[in-house]
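Chemist: when you get a sec, could you give me coordinates for this:
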Amino acid sequence: MPHDAPRVPDALSAGDAAAPGDNPVGVASPVGAALREAKRLLRERVLAQRDSLGAAARAEAAAAIGARIAAMPSFTAARHLLMTLPFRNEWDTRALIALALAAGKRVALPRVDAHTRMLVLHAITDAERDVAPGYRGIAEPRAHCAAVSAGSIDWLLVPGVAFDAACRRLGYGGGFYDRLLPLVAADAPRIAGAFDVQLVEHVPAAPHDIGVDAVVTETRTYAR
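Modeler: Presented below is the predicted three-dimensional model:
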């Protein structure tokens with residue numbers, strides 16, 4: 001992802017560093033139809049692994065992910081955050097959202113504009129009262145929520161299906177965040193939360209695919 005200014009990622013502790021071999025050197029992604037097929041197969045495999053997690057294990061891991069993100073200096077410093085609510089078996093972000101709201105931060109959530117295929121952002125003050133099922137059943141901010149410009153966001157939580165130690169990201173295939181992220185300030189940290197089972201050796205990516213600055217799992221933080 002291009003940057004207009006250098007960014008210093010949240011520091012890793014020695015125990016958090018990515019293990020050798022997690023980011024293979026010299027691995028080239030396929031292109032064209034082969035790239036699309038590689039992404040499809042990886043998406044199916046990782047979603048199956050994620051969805052096989054038991055409810056208790058998922059809840060415990062989600063609590064650990066949220067706590068690790070909440071302890072990041074970038075999260076503490078941020079004032080205008082873009083976050084997401086969980087869909088299907090994604091990690092549960094609601095405790096982290098509640099923490100941000102309680103700290104006086106402005107929290108925005110995305111809503112899908114099906115006509116433009118873009119995400120539009122709206123501020124919430126309550127993650128239960130201010131949301132309702134929207135596009136494909138995804139929880140979205142209600143119509144009464146105030147609009148927020150992407151340029152005002154100074155920290156964002158980016159969802160995804162799979163990630164690797166180089167912070168490459170495989171999304172759900174709609175391209176919504178690939179279109180949104182260039183509209184956000186270049187120095188706004190892009191952070192992803194994911195279960196350990198969503199970390200893979202290598203995410204196939206095209207040159208235009210946008211990664212994140214850090215990936216936080218229940219046991220590790222990867223940053224670039």
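Chemist: measure the residue most central in space within the chain to Pro73 for me?
Modeler: Centroid-nearest residue in the chain, with Cα atoms, centre = their mean: Val158, separated by 2.1 Å. Distance, Val158 to Pro73, by Cβ to Cβ, to the nearest Å: 18 Å. Glycine gets a C-beta too; all of them are placed from N, C-alpha and C.
Chemist: Gly160 now?
Modeler: Taken as Cβ to Cβ, the span from Gly160 to Pro73 is 22 Å.
Chemist: more neighbours, those two?
Modeler: The neighbour count for Gly160 versus Pro73, taken as other Cβ atoms under 10 Å, is higher for Gly160 (22 against 12).
Chemist: for the closest residue to that one other than its chain neighbours, which residues are in contact?
Modeler: Sequence neighbours aside, Arg169 is the residue nearest to Gly160 in space, at 4.5 Å (criterion: Cβ to Cβ, 6 or more residues apart in numbering). Listed by Cβ atoms under 8 Å, 6 or more residues apart in numbering, the contact set of Arg169 reads Val158, Gly160, Ala162, Phe163, Ala192, Val203, Asp209, Ile210, Gly211, Val212.
Chemist: what about the helices in this protein?
Modeler: With DSSP state H applied, the chain shows helices at 32-51, 55-70, 73-77, 94-102, 176-180, listed in chain order.
Chemist: contacts for the first one?
Modeler: This points to helix 32-51. 29-30, 88-90, 161-162, 170, 172-173, 195, 197-198, 200, 203-204, 206.
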